[in-house]
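Participant: Here is a sequence with its predicted model. Questions after.
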Amino acid sequence: MLPSLRLANAHKPLIRFLGKRQWPAKPEAQHPHPFAPPEAKQHFADFLKKFQSSSSSAPASGSTVLSSNNGATFQEFWQAPPRLWKRELQDWEIELVQSGGASLH
């Protein structure tokens, strides 16, 4: 092979970008999505207040248990009940995954 010929025919991408990439210096003001439902647009200010108040009152330590309306959220697996911990898979579970779940028996 002739390496000089290979360099002459270097790959040129077919896509062309116009202009230089420019990122804004400051983020945009927060606003609802243009296609959001009307009720979401009306209550967006309330959502922002709740969001900002919840983010400012976050706990400082990473190992605390956070609670929400749906139930408890755990930072580490050992804080959760033992029934939710990782466990060893049984042979039939491994075979089920490897078969793609097509055959259950």
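Facilitator: On my side now, so go ahead.
Participant: Now tell me which helix or strand of this structure has the poorest mean pLDDT.
Facilitator: strand 66-67 (a mean of 48; mean pLDDT, DSSP states H and E).
Participant: Skip ahead from that one and say which helix or strand is next.
Facilitator: Once the chain leaves strand 66-67, the next helix or strand it forms, by DSSP states H and E, is strand 72-73.
Participant: any idea of the mean pLDDT in the lengthiest helix in the chain?
Facilitator: Of all segments of type helix in the chain, defined using DSSP state H, the longest is helix 44-56. Here helix 44-56 scores 86 as its mean pLDDT.
Participant: then it to PDB, C-alphas only?
Facilitator: The C-alpha coordinates for helix 44-56 follow below in PDB (Å, rounded to 0.1, in the frame of the first residue of the first chain):
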ATOM      1  CA  PHE A  44     -46.000  27.100  36.800                       C
ATOM      2  CA  ALA A  45     -45.200  29.900  39.200                       C
ATOM      3  CA  ASP A  46     -46.500  27.700  42.100                       C
ATOM      4  CA  PHE A  47     -44.400  24.800  40.900                       C
ATOM      5  CA  LEU A  48     -41.300  27.000  40.800                       C
ATOM      6  CA  LYS A  49     -41.900  28.100  44.400                       C
ATOM      7  CA  LYS A  50     -42.200  24.500  45.600                       C
ATOM      8  CA  PHE A  51     -39.200  23.400  43.600                       C
ATOM      9  CA  GLN A  52     -37.000  26.100  44.900                       C
ATOM     10  CA  SER A  53     -38.100  25.700  48.500                       C
ATOM     11  CA  SER A  54     -37.500  21.900  48.300                       C
ATOM     12  CA  SER A  55     -34.000  22.200  46.800                       C
ATOM     13  CA  SER A  56     -32.900  24.800  49.300                       C
END
